[in-house]
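**Student:** Next one to model:
(3 chains)
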Amino acid sequence: MKRESRRRPAQPGRGSLPLLLPAGAVFLGLFFLPMAGLFLESFRLYVPGSIGSSANAPLTFANYLELLTPAFAGFFFETLRISLFASLTGLLFAFPLAYWMTRSLSPRWRAIAVGFFVTLMFLSVLVRTYALELTFGAAGPLRPLLLSVGISPNGRGYIETLVGAGLLHYIVPMATLTLLGTIQNVDPRLVDAAQALGAPAWKAHLTITLPLCMRGLLAAFLFAFTFSISAFVIPMILGKGRVLFISNLVYNRFSEIADYPSGAAISIVLFAVALAIVYVMSHQVSKRWT
Amino acid sequence: MLHLTRRQTLRGAAAGAVTMLAGALGAPRRAAAATAITAVEWGGDVVNAMKQIEAKQDKVQVNWVLHQGGSGAILPKIKATWPQAEYDYVAGWEGSFSGMIKEDWLVPVTVATVPNLANIPQKIIVKNAKGEWMAVPRAVGGIYFAYRKDISPVEIKSIEDLFDPRLKGKICWPGPTQSMMLQLVALALHAGGNEHNMDPGWDLMKKLAQSGNIGRIAVTDTDFTTSLTSGETVGGFYSEPQLTAVAKSFPLVRLTKQEGLTTFLYQSGFAVFKNRPNLQPTLDFINFCISPEMSSLYAEVAGEAPLNVKAKTPDSLKHLAFTPEEFDKYVYVPDFNEVLTQQDAWTKRWENEIAPLL
Amino acid sequence: MGGRVLDDGFRLLALVLIGAIICFLLTPIIVTVVMAFDARAYLGPLPPPALSLRWFAQFFSDDYFLRGLSVSVQLAVLSVTISLCVGVTTAFAVERATFAGKEALISLFLSPLLVPPVVTGFALLLFLSHLGLINGFARLLCGHIIITVPYTIRATLAGLAGIDRSLTEAALILGATERRAFWDVTLPLARTSIVSGAIFAFAVSMDDVAVSIMLTDANTFTLPVALISSMRANFDLSIAAASVMLMLVTLALIVILEKFVGLNRVIGQGVFRS
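**Tutor:** Predicted coordinates:
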């Protein structure tokens, strides 16, 4: 029998470089270079009343200095806080859901459940947000119930929660589908063995299943988190114009008042902060669990 | 007996198919001389009105592009490709004209090139620094206070009424990028200031924000309409198209002639672009649009009052018809140049001082 | 003994949680369907007083929406295909390699998702215009590729990470080349994650508004952009009708896939089938 030609031992790293070229080209050409252009735009002087900066506008730090206000820090903090909360809650819901779908459902029901989630992902985010507003908002049928419990559907706390719920509605299907693949590849016999040795189920899962799924959990979290901090439609409708995410501020500058340098500055700041958070989280998880 | 060769049969069949196809396509065959122009218009009733106007002439065939969001959403696209221009005209209002004029994108218009301009009040025509006319106005709409009579606990008659505790969470107030921030000018006027002296207005705005009466800050046009039609809020301050949309289905009290509550007027019109190949056909079409009959048609369908003095104002727009005395009493015409140059600063001031209070 | 009670308690809690989540997820679907059949010309409070098919009729009668739909589907198919190719090769290359800064590189692959889509669209608009690329479809394709690629890369990475190295090594020991091991062992095991990445990418592309708004031109626009444009004063419920139809089409495709191929074969079940 003819041997498969060119069998060589797996050498990590070797031969990887050409495979990275397509990604390199795509990211460089379609993201990093445009962002560099934006970076440059953020240093240009904006003359109020015009559209963006003029071609030979002088360079200035003004667009960044403008952001050193407590209000802006407040917007930032609020975006990150609500996003973090929604992402973690999303994981908390998605993990049991994905686990149940993988282990407890028959293949037929599993297919149905997966079909349900996939269909859900194709529900336009604009429509589902309005649907949430109609159901849970200040004019919704739940209003009497909320008032009787003492929750004002118009209060800021409720609005923030509703924004989080809106984000959750997008996050949970996404995280569940992401975690399906991860949980599938975890050997169920490991948990069985632990239980046979006397560990209660919850402890077995905590010490065995969870750590083995860490990469998948991180991926799901990052999807959820990045989606949330960049969310635009959900805070716009459910936030009632009072809970503002960074993307709403940027939209004002790019699409309404035409102050492009300021919008660019805010975008660069958000990008830098978000990149730092993502890198630190990835690094920590890979260090402790891989 | 006639023998048809295969070639003849095929040729005949092809000719027949082509004829049938051409007929089936059904599009009205315009005269070959119809020029194609590209125009940016507002969606909904406005583009419907414009399509009806287009159907009544045959010199120009329009590729309708719709505004995607506010009037400012198209500006980055124009700026990115300039000096190559994609659109022959862009429909806009004072809020978008000023930026386009400053960028020197527009062709000046005169009575010579657009004869019907002679019947439009000259005061309203937007001019550049040199005094040239830079946009063709077609209709006027209002920006004013209004509320739904059927669900409002208070009959709003003055700014003080806005602070009534019964209106907790019931007011829909326009956000910093909406209505050219004229809502703040209205507050300033009430507090003794004006568009040049806005501090009294800002103080009043802070009090309104802290009162808890504002349920929603509308950040897009549809926000306002939806908030009112769904009953989330009962009233507020906004512009004509949205108020008309609400008034179609609910009893809306339009406070355009209410002592103590200022009314503003905006124009909707055409900004004609440089660097395009079909300038005169575009101007001719625009001239047709502002003729008396077409102005009336536009007013009926799109809900903005005609500006041509020879056109009839429909009854549905009575609230926008002012006698000279009424005009002086209820309408305030701000220095738009000041208002529009300050949009950036006012937006940032809103974000810093008002948004945290809501 | 106490562990058992806690176990049961947790189990009950988990089931209640799952039930609550499913109800929460179902609610907007039901409300959307109700909205799509709402006879009122505006968005009013629930429940609607009368039902009608007007929004579906309006959607199909307007050539504008149908053009947008055609462009949306073409863009989605093209951009997802390209994203998958780029994503799977990249993820495989990165997973195998070990070099300092690997985590940084992985984070970098997520970066287009770190800025709001309006920023991505705006930056791309300026950059492509500088390069002289003003064709709407080409611009839109670029935009859709860059917002979908992070999903395919990360999803595939997550899938590859869980695969036991020994499986691939076993294949190599038994005589397979690297490429054969990849196609026959690694890829099938990562299939679930790859497919989920593709699904996300497709959904993101079909639903995108913010990036698309910046990149459309006078002749090319997507369906979500068309739906948004028609809303000036009114919230046009055609968008609810369009959404319901899109979901129905997706459901139909899933049912067809299940009947002819078997959904579980497409999405994979991993190594350990229960």
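
**Student:** count of residues packed around the closest residue in space to B:P83 that isn't next to it in sequence?
**Tutor:** By the measure of Cβ to Cβ, 6 or more residues apart in numbering or on different chains, the closest residue to B:P83 outside its immediate chain neighbours is B:N275, 5.6 Å from it. The way it works is simple: take the backbone N, C-alpha and C, and place the C-beta from them, glycine included. Residues lying near B:N275 (other Cβ atoms under 10 Å in any protein chain shown) number 12.

**Student:** same check, this time on the one 3 residues further on
**Tutor:** In terms of burial, B:N278 registers 15 neighbours under the definition other Cβ under 10 Å.

**Student:** Kindly report the same for the one 4 residues further on.
**Tutor:** A total of 24 residues lie near B:T282 under the criterion other Cβ under 10 Å.

**Student:** What helices and strands are in contact with the strand or helix carrying it?
**Tutor:** Following DSSP states H and E, the helix or strand that holds B:T282 is helix B:279-289. When contacts are defined as 3 or more Cβ pairs under 8 Å, 6 or more residues apart in numbering or on different chains; DSSP states H and E, helix B:279-289 packs onto strand B:35-41, helix B:45-55, strand B:60-66, strand B:264-272, helix B:292-302.

**Student:** Can you name the residue of chain B nearest chain A?
**Tutor:** Nearest to chain A, among the residues of chain B, is B:I217, at 2.8 Å (Cβ to the nearest Cβ).

**Student:** circling back: put the alpha carbons of the helix holding B:T282 into CSV.
**Tutor:** Extracted as CSV, the C-alpha positions of helix B:279-289 are listed here (Å, rounded to 0.1, in the frame of the first residue of the first chain):
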residue,chain,number,x,y,z
LEU,B,279,-28.4,70.6,-13.7
GLN,B,280,-31.1,72.4,-15.8
PRO,B,281,-33.4,69.3,-16.0
THR,B,282,-33.1,69.1,-12.2
LEU,B,283,-33.9,72.8,-11.8
ASP,B,284,-36.8,72.4,-14.1
PHE,B,285,-38.2,69.5,-12.1
ILE,B,286,-37.8,71.4,-8.9
ASN,B,287,-39.6,74.4,-10.5
PHE,B,288,-42.4,72.1,-11.4
CYS,B,289,-42.6,70.8,-7.8
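
**Student:** What lies in contact with that helix?
**Tutor:** Under the criterion Cβ atoms under 8 Å, 6 or more residues apart in numbering or on different chains, residues B:35, B:37, B:50, B:53-54, B:57, B:59-60, B:62, B:88-89, B:107, B:109, B:113-117, B:136, B:138, B:270, B:272, B:276, B:294-295, B:298 lie in contact with helix B:279-289.

**Student:** on that earlier part again, comparing the helices and strands packed on helix B:279-289, which comes out most buried?
**Tutor:** Greatest average neighbour count among those goes to strand B:264-272 (a mean of 24), per mean count of other Cβ atoms under 10 Å in any protein chain shown.

**Student:** what angle separates it from strand B:35-41?
**Tutor:** Between the axes of strand B:264-272 and strand B:35-41, defined by axes from the mean of the first three to the mean of the last three Cα atoms, to 10 degrees, the angle is 150 degrees.

**Student:** which residues in the stretch 101-250 of chain B form helices?
**Tutor:** Secondary structure of the stretch 101-250 of chain B, counting by DSSP state H, counting those that start in this stretch: helices at B:182-190, B:199-211, B:221-229, B:240-247.

**Student:** nearest to B:W173, of those helices?
**Tutor:** Checking these against B:W173 by Cβ to Cβ gives helix B:182-190 as the closest, at 6.6 Å.

**Student:** Run through who's touching the closest one.
**Tutor:** Counting by Cβ under 8 Å, 6+ apart, B:143, B:145, B:159, B:173-174, B:194-195, B:197-202, B:204-205, B:208, B:237, B:260-262, B:264, B:332, B:334, B:339, B:346 sit against helix B:182-190.

**Student:** got it, and stretch A:269-289?
**Tutor:** The contact list for stretch A:269-289, computed with Cβ under 8 Å, 6+ apart, reads A:35, A:64, A:67, A:76, A:80, A:211, A:214-215, A:218, A:221-222, A:225-226, A:229, A:246, A:250, C:103-104, C:106-108, C:110-111, C:114-116, C:119.

**Student:** For it, list every residue counted as buried.
**Tutor:** A:269-271, A:273-275, A:277-279, A:281-282, A:285-286 (16 or more other Cβ atoms under 10 Å in any protein chain shown).

**Student:** so how far is that stretch from its chain's centroid?
**Tutor:** The chain centroid and the centroid of stretch A:269-289 are separated by 13 Å, computed with Cα atoms, centre = their mean, to the nearest Å.

**Student:** out of the helices and strands packed on helix B:279-289, nearest to chain C?
**Tutor:** Among the helices and strands packed on helix B:279-289, the nearest to chain C by Cβ to the nearest Cβ is strand B:60-66 (3.6 Å).

**Student:** any residue of that closest one up close to chain A?
**Tutor:** No - with Cβ under 8 Å from any Cβ of the partner chain as the measure, strand B:60-66 is seen stopping short of chain A, the closest distance being 14.6 Å.

**Student:** Would you mind writing the CA trace of that strand as CSV?
**Tutor:** These are the backbone C-alpha positions of strand B:60-66, laid out as CSV (Å, rounded to 0.1, in the frame of the first residue of the first chain):
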residue,chain,number,x,y,z
VAL,B,60,-37.5,63.7,-15.8
GLN,B,61,-37.3,60.2,-14.4
VAL,B,62,-36.2,60.1,-10.8
ASN,B,63,-34.1,57.4,-9.0
TRP,B,64,-35.4,57.9,-5.5
VAL,B,65,-32.9,57.4,-2.7
LEU,B,66,-34.3,57.7,0.8
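
**Student:** Next, give phi and psi for the nearest residue to B:L167 once chain neighbours are set aside.
**Tutor:** The shortest distance from B:L167 to any residue that is not its chain neighbour, by Cβ to Cβ, 6+ apart, is 4.8 Å, and that residue is B:N213. Dihedral pair for B:N213: phi -80, psi -20, per degrees, to the nearest 10.

**Student:** Surely B:N213 is in contact with B:K168?
**Tutor:** Yes - the pair formed by B:N213 and B:K168 meets the contact definition of Cβ atoms under 8 Å, at 5.7 Å.

**Student:** Now do whichever strand or helix holds A:L177, average pLDDT.
**Tutor:** For A:L177, the enclosing helix or strand under DSSP H and E is helix A:156-184. Along helix A:156-184, the predicted confidence averages to a pLDDT of 91.

**Student:** and that helix with chain C, contact?
**Tutor:** Yes - part of helix A:156-184 sits close enough to chain C to count as contact by Cβ under 8 Å from any Cβ, namely A:A165, A:L168, A:H169, A:V172, A:P173, A:M174, A:L177, A:T178, A:L180, A:G181, A:T182, A:Q184.

**Student:** residue contacts, the fifth one?
**Tutor:** A:P173 sits next to A:F117, A:L120, A:M121, C:L25 when contact means Cβ under 8 Å, 6+ apart.

**Student:** any idea how far the nearest residue to the first one once chain neighbours are set aside is from A:L180?
**Tutor:** Nearest-residue entry for A:F117: A:P173, 4.5 Å, with adjacent residues in sequence omitted and distances by Cβ to Cβ, 6+ apart. When distance is defined by Cβ to Cβ, to the nearest Å, A:P173 is 11 Å away from A:L180.

**Student:** could the buried residues of stretch A:269-289 go into JSON lines alongside secondary structure and pLDDT?
**Tutor:** As requested, the buried residues of stretch A:269-289 are exported to JSON lines (DSSP: H, G, I helix; E, B strand; the rest coil; pLDDT from 0 to 100):
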{"residue": "A:V269", "secondary structure": "helix", "pLDDT": "95"}
{"residue": "A:L270", "secondary structure": "helix", "pLDDT": "94"}
{"residue": "A:F271", "secondary structure": "helix", "pLDDT": "94"}
{"residue": "A:V273", "secondary structure": "helix", "pLDDT": "93"}
{"residue": "A:A274", "secondary structure": "helix", "pLDDT": "92"}
{"residue": "A:L275", "secondary structure": "helix", "pLDDT": "91"}
{"residue": "A:I277", "secondary structure": "helix", "pLDDT": "90"}
{"residue": "A:V278", "secondary structure": "helix", "pLDDT": "89"}
{"residue": "A:Y279", "secondary structure": "helix", "pLDDT": "88"}
{"residue": "A:M281", "secondary structure": "helix", "pLDDT": "87"}
{"residue": "A:S282", "secondary structure": "helix", "pLDDT": "85"}
{"residue": "A:V285", "secondary structure": "helix", "pLDDT": "82"}
{"residue": "A:S286", "secondary structure": "helix", "pLDDT": "79"}
